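Enquirer: have a look at this prediction, sequence included:
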Amino acid sequence: MRVVTLSPTHPIQTLVPGKGLLEETPLRHRFHVTHFEDEVRDKIKSSVCGIGHQISHFTERFHADSELARPGHRLMDVYGHRIKFYEASKDVKDNELVNRLNCLHFAAEMVPNSVIVGVDGAVPKGNHTQAVAAAIVRKGGQPYYEEAVPFGKATSTDVELCAIVIGLQKAVSYNPSLITLFTDSLSMARLSVDPSHHPGQFDSHLVCVNLSQWLADDPRREVAFVHTRSHLKWGIHHEAHTLAKRASFPFNPGIPPRVTFNFIRHKATEACKDEWQRLFSSADYRGHHFLRLCDSTDKPARPSYVGGGPWLPFFGDHPSFCARAIRCILGHAPMGEFRARFNIAGRRDCEYCGTGANQTRAHLLRQCNMLVRPRRFRMYPYYLGELYQYLRDNTWLFSFNPLPREARRM
């Protein structure tokens, strides 16, 4: 989908099918799919042909070479000293943050002709209503403006950025001396003043244009972005949150909804993850010797792209420890079962306990009396935490190191 971020004159644009980009591209390549017959076109399999259907539903546009993003002319380059960000770090406790928010709110109200803005967004769980961006503007302690705007199909970051745009546009129209905006996503606040190439670039352009004109009119004007936390349910930000949650805008069947780049990318990622997890449930895909482990919720650990997945972050304390855990889970370890499977020279029986039993992974996990085991570790299913402790107690297991002398019997 990154093809939509290319400039209209990029050579790849002459190959892309679908309505929208072709309207901006006067020429088509001689190998464009429309130049082939239907029988030939149906047989063509490529990533360029596959994006045609998605592009027809795509509404967000990008500017590959924006004048506002030129170094030295960007909003933060010119007015960075008058745009402030107050971040709530993780070290700040909730009660301390509430006191800080109250102080900043009170200080902003004391400034003559100042405006206070609260913004937030909401993304419905179902597919029947649109995402909502909400903004509330107050001046002199009195509510001047509040509105919830439908945003089509978008992610939470998209609607947060849209809410910031709505709030700032309305605040600038009052020509205040100070704008103080409260948001629970300071990263989106920083992105709103960044006109470079990124999802939501058009919204950032609106902010940069409005703030540039407003700041240029008076050198004493400033804007402050204040970070709050949603669970605090604090002040004007919670009011904007409530406004966004209560609003409901169903999709209009006759009007195509707005669809953001992040939404399509998120849907594609989720579809790939679901297919990955579906395939992982088959032993033919994951491997017949893959050790199934359960997480803390008593559910089998499933592959995921979030945080590196459930396995590597859990066992990633040290490279050698992580390697031992991977050998155990995959069954590719220096043990008799692995040697027998791949016809590798070496002992097949367990050299640790000396009972003559086949040295299988199940034997090492449940039966070998030379190993220290957590309570109830002899029974399936195994848990990530139990395997972690098991490998910690038996530091030589599933490694190429010999059995240490201090290894004790159960």
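Expert: Nice, thanks for sending it over.
Enquirer: strands of the stretch 51-200 of the chain, start to end?
Expert: 83-86, 114-122, 132-139, 142-150, 178-183 (DSSP state E, counting those that start in this stretch).
Enquirer: select, out of the ones you listed, the one closest to Ala357.
Expert: strand 114-122 (59.9 Å; CB to CB). C-beta here means a position set from N, CA and C on the backbone, and glycine is covered the same way.
Enquirer: domains in this structure, as residue ranges please.
Expert: 2-56, 67-246, 293-393 (automatic domain parsing).
Enquirer: okay, those domains, which one's buried deepest?
Expert: Across the domains of the chain, averaging neighbours per residue (mean count of other CB atoms under 10 Å) puts domain 67-246 on top, at a mean of 18.
Enquirer: gap between it and the chain center?
Expert: 21 Å (CA atoms, centre = their mean, to the nearest Å).
Enquirer: and that domain, end to end?
Expert: Domain 67-246 has an end-to-end distance of 39 Å (criterion: CA to CA, to the nearest Å).
Enquirer: can you check stretch 314-323 too?
Expert: End residues of stretch 314-323 are separated by 12 Å (CA to CA).
Enquirer: where along the stretch 201-350 of the chain do the helices fall?
Expert: 201-217, 235-246, 261-280, 283-286, 312-315, 319-330, 336-341 (DSSP state H, counting those that start in this stretch).
Enquirer: between those helices, which one is nearest to Thr297?
Expert: helix 312-315 (13.8 Å).
Enquirer: can you name every helix or strand that that closest one contacts?
Expert: Applying 3 or more CB pairs under 8 Å, 6 or more residues apart in numbering; DSSP states H and E, one finds that helix 312-315 contacts helix 319-330, helix 384-393.
Enquirer: mean pLDDT and distance to Thr269 added to the domains of the chain, as JSON lines?
Expert: Shown next, in JSON lines, are the domains of the chain (pLDDT from 0 to 100; distance: least, CB to CB, whole Å):
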{"stretch": "domain 2-56", "mean pLDDT": "63", "distance to Thr269": "14"}
{"stretch": "domain 67-246", "mean pLDDT": "94", "distance to Thr269": "11"}
{"stretch": "domain 293-393", "mean pLDDT": "87", "distance to Thr269": "7"}
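Enquirer: redo the helices of the stretch 201-350 of the chain as CSV? Include distance to Asn99.
Expert: CSV is the format used below for the helices of the stretch 201-350 of the chain (distance: least, CB to CB, whole Å):
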stretch, distance to Asn99
helix 201-217, 29
helix 235-246, 12
helix 261-280, 35
helix 283-286, 52
helix 312-315, 35
helix 319-330, 43
helix 336-341, 61
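Enquirer: wait, Tyr86 touches Phe225, no?
Expert: Yes - if you go by CB atoms under 8 Å, Tyr86 and Phe225 touch, sitting 6.9 Å apart.
Enquirer: tell me the mean pLDDT over stretch 402-410?
Expert: Taken as a whole, stretch 402-410 has a mean pLDDT of 57.
Enquirer: got the contact list for Phe338?
Expert: 331-332, 344 (CB atoms under 8 Å, 6 or more residues apart in numbering).
Enquirer: quick check, nearest of the residues you listed to Phe280?
Expert: The nearest member of the contacts of Phe338 to Phe280, counting by CB to CB, is Gly331 at 16.0 Å.
Enquirer: chain center to stretch 276-295: distance?
Expert: The chain centroid and the centroid of stretch 276-295 are separated by 25 Å under CA atoms, centre = their mean.
Enquirer: show me which residues of it are buried.
Expert: Residues 291, 293-294 are the ones in stretch 276-295 that count as buried (16 or more other CB atoms under 10 Å).
Enquirer: rewinding a little: out of the helices of the stretch 201-350 of the chain, nearest to Asp158?
Expert: helix 261-280 (5.4 Å).
Enquirer: helix 201-217 and the closest one, what's the angle between them?
Expert: 150 degrees (axes from the mean of the first three to the mean of the last three CA atoms, to 10 degrees).
Enquirer: quick one: mean pLDDT for helix 261-280?
Expert: Helix 261-280 comes out at a mean pLDDT of 91.
Enquirer: how about it: buried residues?
Expert: For helix 261-280, by 16+ other CB under 10 Å, it's 261-264, 266.
Enquirer: thinking again about what came up before, can I get the domains of the chain in CSV with distance to Ala271?
Expert: CSV is the format used below for these (distance: least, CB to CB, whole Å):
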stretch, distance to Ala271
domain 2-56, 12
domain 67-246, 14
domain 293-393, 12
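Enquirer: what sits against Ala154?
Expert: 123, 131, 162, 258-260, 262-263.
Enquirer: any idea which of these is closest to Val40?
Expert: Val259 (30.5 Å).
Enquirer: quick check: beta-bridge partners of that closest one?
Expert: Bridge pairing for Val259 (DSSP bridges) gives the partners Lys153.
Enquirer: distance of it relative to Asp120?
Expert: Val259 is 21 Å from Asp120, where distance means CB to CB, to the nearest Å.
Enquirer: contacting residues for the residue lying closest to Arg61 once chain neighbours are set aside?
Expert: Closest residue in space to Arg61, ignoring its immediate chain neighbours: Phe202 at 6.3 Å, by CB to CB, 6 or more residues apart in numbering. Neighbouring residues of Phe202 by CB under 8 Å, 6+ apart: 60-63.
Enquirer: ok, Thr355 next?
Expert: Asn369.
Enquirer: which element is it on?
Expert: Using DSSP states H and E, Thr355 is not contained in any helix or strand.
Enquirer: with distance to Asp94 added, can I get the contacts of Phe338 in TSV?
Expert: Output for those, formatted as TSV (distance: CB to CB, whole Å):
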residue	distance to Asp94
Gly331	47
His332	47
Ile344	58
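Enquirer: of those residues, which is the nearest to Ser282?
Expert: Using CB to CB, these come closest to Ser282 at Gly331, 16.9 Å.
Enquirer: so what's the residue nearest to that closest one when sequence neighbours are not counted up against?
Expert: Nearest non-adjacent residue to Gly331, counting by CB to CB, 6+ apart: His289, 3.5 Å away. Residues near His289 by CB under 8 Å, 6+ apart: 330-331, 361.
Enquirer: cutoff 10 Å now
Expert: Neighbouring residues of His289 by CB atoms under 10 Å, 6 or more residues apart in numbering: 283, 329-332, 337-338, 341, 361.
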